[in-house]
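Colleague: After the sequence you'll find the predicted model.
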Amino acid sequence: MSAPLLSTSSSEEEEMTVRPHSKLRKKDYNQCYMHSASIKKEETKDFTRTQWDTYINSVKRWLGLHGENQRIAETYKHCLEIDFENVPEDAGFHSTCYRRFIDKKRLDAHKDQSVSSSSRTSTNECPKKKLRSMTGLPVACAGPVLPALCIICKRTDKYITVAGKRLKDHLSQAETLFAGQLLKAAEMKEDTSILVHIQDKDCVSLEVRYHKSCYRQYTRFLTKSTATVTETSEE
């Protein structure tokens, strides 16, 4: 006697045909963990152990650089703590994105740019910070012009008493190459806080400023020396 044939309903047959395998369905939800905006949509692939290790190493390197891949690395830096056995279910990659992200030439090129940028920054900014700490007078960031401060007292505002009245001593700007006798006085006093700014330079171009009272007091000894020499020669 032949065995009875098992019958299947049409609904069951339809379900078996349409429903994809779970592993295949997973690909529909994968996202590229290094997607570049310039790349057109491609099919995402699952990581192998080697690819995951290479990806993690590239994330580490991009974190210290600049550009789009650095921003991608910042987004997925949490993956640095994830072993291959615990790779997120939605983790995947586009082949083109993967090649670009792990490209050693691109990494080295961005690394060289970062080093060059750091060198320019240190060359341009560090001396300014050093000058401020040495002299108390900051150097203007934009162009070779000193800030609107008195180069002698290192302040903007100063008040003096004239005929019993308290008046503001306004800043005067140098009108000669050596700012009158300022350079000579600074050289004789060996005053590096001033010399570092004006020695071998054009005080007019630098827009050197000072209070008149500060200037008179700072250069007074030169006037006294000149007067003494004159009296001696007359005698």
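Modeller: Received it, and whenever you're ready, just let me know what you need.
Colleague: quick check, residue 157 in a helix?
Modeller: No: counting by DSSP: H, G, I helix; E, B strand; the rest coil, residue 157 is not part of a helix but coil.
Colleague: Walking through this structure, point out its helices one by one.
Modeller: Per DSSP state H, the chain carries helices over the ranges 10-18, 22-27, 49-63, 68-75, 95-102, 104-135, 182-189, 192-198, 203-206, 212-234.
Colleague: so where's the protein uncertain?
Modeller: For the chain, applying pLDDT under 70 flags the ranges 1-29, 38, 113-144, 224-235.
Colleague: Outline the domain layout of the protein.
Modeller: Here the domain parsing of the chain from automatic domain parsing is 16-110, 159-234.
Colleague: got the ones you listed as a markdown table, with distance to residue 146 columns?
Modeller: Where you see a C-beta, it was placed from the backbone N, CA and C, and this is true even at glycine. What follows is the domains of the chain, written out as a markdown table (distance: least, Cβ to Cβ, whole Å):
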| stretch | distance to residue 146 |
| --- | --- |
| domain 16-110 | 33 |
| domain 159-234 | 5 |
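Colleague: Let me have the ones you listed in a markdown table, extended by mean neighbour count.
Modeller: Listed next are the domains of the chain as a markdown table, based on neighbours: other Cβ atoms under 10 Å:
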| stretch | mean neighbour count |
| --- | --- |
| domain 16-110 | 14 |
| domain 159-234 | 15 |
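Colleague: Of these, which is nearest residue 153?
Modeller: For the domains of the chain, the distance to residue 153 is smallest for domain 159-234, at 5.1 Å, taking Cβ to Cβ.
Colleague: where's residue 111 relative to residue 62, distance?
Modeller: According to Cβ to Cβ, to the nearest Å, residue 111 and residue 62 sit 10 Å apart.
Colleague: actually residue 104, sorry about that
Modeller: For residue 104 relative to residue 62 (Cβ to Cβ), the value is 12 Å.
Colleague: Kindly report the same for residue 217.
Modeller: Relative to residue 62, and taking Cβ to Cβ, residue 217 is found at 59 Å.
Colleague: what do you get for residue 55?
Modeller: Counting by Cβ to Cβ - residue 55 and residue 62 are separated by 10 Å.
Colleague: swap in residue 41?
Modeller: On the measure of Cβ to Cβ, residue 41 and residue 62 end up 23 Å apart.
Colleague: Equivalent analysis for residue 45, please.
Modeller: According to Cβ to Cβ, residue 45 stands 20 Å off from residue 62.
Colleague: Report the separation between residue 177 and residue 221.
Modeller: Residue 177 is 21 Å from residue 221, by Cβ to Cβ.
Colleague: distance between the ends of stretch 84-98?
Modeller: In stretch 84-98, first residue to last residue: 17 Å (Cα to Cα, to the nearest Å).
Colleague: And the contacts of that stretch?
Modeller: 26-27, 29-36, 39, 41-47, 49, 51-53, 55, 79, 82 (Cβ atoms under 8 Å, 6 or more residues apart in numbering).
Colleague: So which of the residues you listed are in strands?
Modeller: Members of the contacts of stretch 84-98 lying in strands (criterion: DSSP state E): 31-32.
Colleague: Send me stretch 166-182 as CSV with only the CA atoms.
Modeller: The C-alpha coordinates for stretch 166-182 follow below in CSV (Å, rounded to 0.1, in the frame of the first residue of the first chain):
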residue,chain,number,x,y,z
ARG,A,166,43.5,114.4,37.1
LEU,A,167,43.8,114.0,33.3
LYS,A,168,44.1,111.1,31.0
ASP,A,169,47.4,110.7,29.3
HIS,A,170,46.5,109.7,25.8
LEU,A,171,48.7,107.3,23.7
SER,A,172,51.1,109.0,21.2
GLN,A,173,52.3,107.1,18.1
ALA,A,174,55.9,107.1,17.0
GLU,A,175,56.6,109.5,14.0
THR,A,176,60.2,108.6,13.5
LEU,A,177,62.2,105.5,12.7
PHE,A,178,63.6,105.1,16.2
ALA,A,179,60.7,106.6,18.1
GLY,A,180,62.7,109.7,19.0
GLN,A,181,65.2,108.7,21.7
LEU,A,182,63.2,105.6,22.8
